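Novice: Sequence plus the predicted model coming up.
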Amino acid sequence: MTYIPVGLEMYSVRKEFAANPYATMKAVKAMGYEGVEFAGPPAWGAGFYAALLQETGLVCCGWHTPWESLQPEKIADTIRLKTGFAETATELQDVEPLCVLDAVVAIAQIEGVAVIAGLTLEQ
């Protein structure tokens, strides 16, 4: 039988996470989840999320990015956050940067907003 790890969408515990991120992530890990999908706009910087994942032993398996964060006036900040998270996660090693650019880069390429963000996207 194939083993499939399970992650939790953090939107379901958003109030607890906002009040105490570390305790919430520890509780999620204690429930048996191996990963989390963050939800919404970030309240903290990329390094905070990467360190939190490393400290709790969870991996990021996605990041639900709000539509507002993908608009031309905000896309550059969104890409910078996700890219910064990827770089920080890679430096911390045990954190998988699987989710960090999720649909943001794809949408940026499709919509052509990468030019607005001042980025060059390679495939």
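Specialist: Happy to help now that I have it. Numbers count the residues shown, from 1 in each chain.

Novice: Which residues does stretch 24-39 contact?
Specialist: When contacts are defined by CB atoms under 8 Å, 6 or more residues apart in numbering, stretch 24-39 is touched by residues 5-11, 13-14, 16-17, 49, 52-53, 55-64, 99. C-beta: built from backbone N, CA, C; applies to glycine.

Novice: Please apply the same query to stretch 9-23.
Specialist: The set of residues external to stretch 9-23 that reach it, using CB under 8 Å, 6+ apart, is 24-25, 27-28, 36-40, 43-44, 48, 52, 55-56, 62, 64.

Novice: Would you mark the buried spots in that stretch?
Specialist: By neighbour count with 16 or more other CB atoms under 10 Å, stretch 9-23 contains the buried residues 10, 13, 17, 21.

Novice: Show me the helices in this protein, by range?
Specialist: Under the criterion DSSP state H, the chain contains helices at 14-19, 21-30, 46-56, 75-92, 102-111, 114-117.

Novice: For the chain, give me the ranges with low pLDDT.
Specialist: In the prediction, the chain carries residues with pLDDT under 70 at positions 84-123.

Novice: same thing but 50
Specialist: Counting by pLDDT under 50, the chain has low-confidence residues at 90-100, 102, 123.

Novice: ok, now which ones touch Pro41?
Specialist: 66, 68-69.

Novice: cutoff 7 Å now
Specialist: Contacts were defined as CB atoms under 7 Å, 6 or more residues apart in numbering; by that measure Pro41 touches 66, 69.

Novice: Against Lys26, how distant is it?
Specialist: 23 Å (CB to CB, to the nearest Å).

Novice: again with Gln54
Specialist: Separation of Gln54 from Lys26 (CB to CB) stands at 13 Å.

Novice: Give me the neighbour count for Lys74.
Specialist: The burial metric for Lys74, expressed as a neighbour count using other CB atoms under 10 Å, is 15.
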